[in-house]
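Asker: Sequence and predicted structure are below.
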Amino acid sequence: MKVKVCGLRDPENIVEVLGLGVDYVGFIFHNRSKRFVGKSELSKWLQKNKDQFNGTKKVGVFVNAEVDYILNMVHDYQLDYVQLHGNESPGYCRELKLLWSVSTLRKATLIKAFSVDADFSFDMTNTYADSCPLFIFDTGGQKDHGGTGVKWDWSKLSEYQGLTPFLLSGGIGPEDAAEVAKVNHPQFAGVDLNSRFEVEPGVKDVIKLKRFLVEVQ
């Protein structure tokens, strides 16, 4: 099971999370988020400490961002993945993928996040499958984009018939390990963890994360 820990921004805390051997660490580039990396010195720290990652992939989270901003952040923060967490269209995703295919810019793999509520139709994911090899299914109906601590009805996953693998997100907490382990879907790839594992916005409780990782296997 793949594990992504999102919303990091403190170097010392990042090192602690990397020590757990997680698959992805996420950095939020949405200025309305409490976990926004801002104009910090984090990019310089990441470049100086790239050996610390040892295979863990860096994910940048963007919400309806300008394409140039994404391209610049991929370069500055040496991102491996770009997670689109807003209302980005399939055409927007194809444009990004095309730009990377014809340029010498640092390239990133696209992840598209979808906000799932009772009325959500998984059919809408089909038009993203050619540009985004990984999806995230998060909680819908929330004012904020991600990190809300609110869970959605996972039984709705039975409606997803697509072939693109996904990470389960939205309000997953330390007490949910057994429930996550029971998720049975052919495209279920792992989990995306954020606010329920925090000491404060942007700083994760490594002890809780470690316990969860042991219990979920």
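Answerer: In hand now; what should we look at? Numbering: from 1, shown residues only.
Asker: Now the nearest residue to residue 19 once chain neighbours are set aside: phi and psi?
Answerer: Distance criterion Cβ to Cβ, 6 or more residues apart in numbering; nearest residue to residue 19, sequence neighbours excluded, is residue 206 at 7.7 Å. From N, CA and C alone the C-beta is placed, and that goes for glycine too. Torsion angles at residue 206 (phi, psi; degrees, to the nearest 10) stand at phi -70, psi -30.
Asker: how about residue 206, what does it touch?
Answerer: 13, 16-17, 19-20 (Cβ atoms under 8 Å, 6 or more residues apart in numbering).
Asker: Nearest residue to residue 121 in space, please, no chain neighbours.
Answerer: Leaving aside its sequence neighbours, residue 121 is closest to residue 159 (8.0 Å, by Cβ to Cβ, 6+ apart).
Asker: Please produce a PyMOL select command covering the buried subset of the contacts of residue 206.
Answerer: Here is the PyMOL command that selects the buried residues among these (16 or more other Cβ atoms under 10 Å):
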select buried, resi 13+16+17
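Asker: Make a markdown table out of the contacts of residue 206 and add pLDDT, distance to residue 65 and secondary structure.
Answerer: Listed next are these as a markdown table, based on pLDDT from 0 to 100; distance: Cβ to Cβ, whole Å; DSSP: H, G, I helix; E, B strand; the rest coil:
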| residue | pLDDT | distance to residue 65 | secondary structure |
| --- | --- | --- | --- |
| 13 | 97 | 24 | helix |
| 16 | 98 | 28 | helix |
| 17 | 98 | 24 | helix |
| 19 | 97 | 30 | coil |
| 20 | 97 | 29 | coil |
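Asker: What is the burial count for residue 35?
Answerer: Using other Cβ atoms under 10 Å, residue 35 has 23 neighbouring residues.
Asker: Please name the residues that touch it.
Answerer: 6-9, 28, 147, 194, 201-202.
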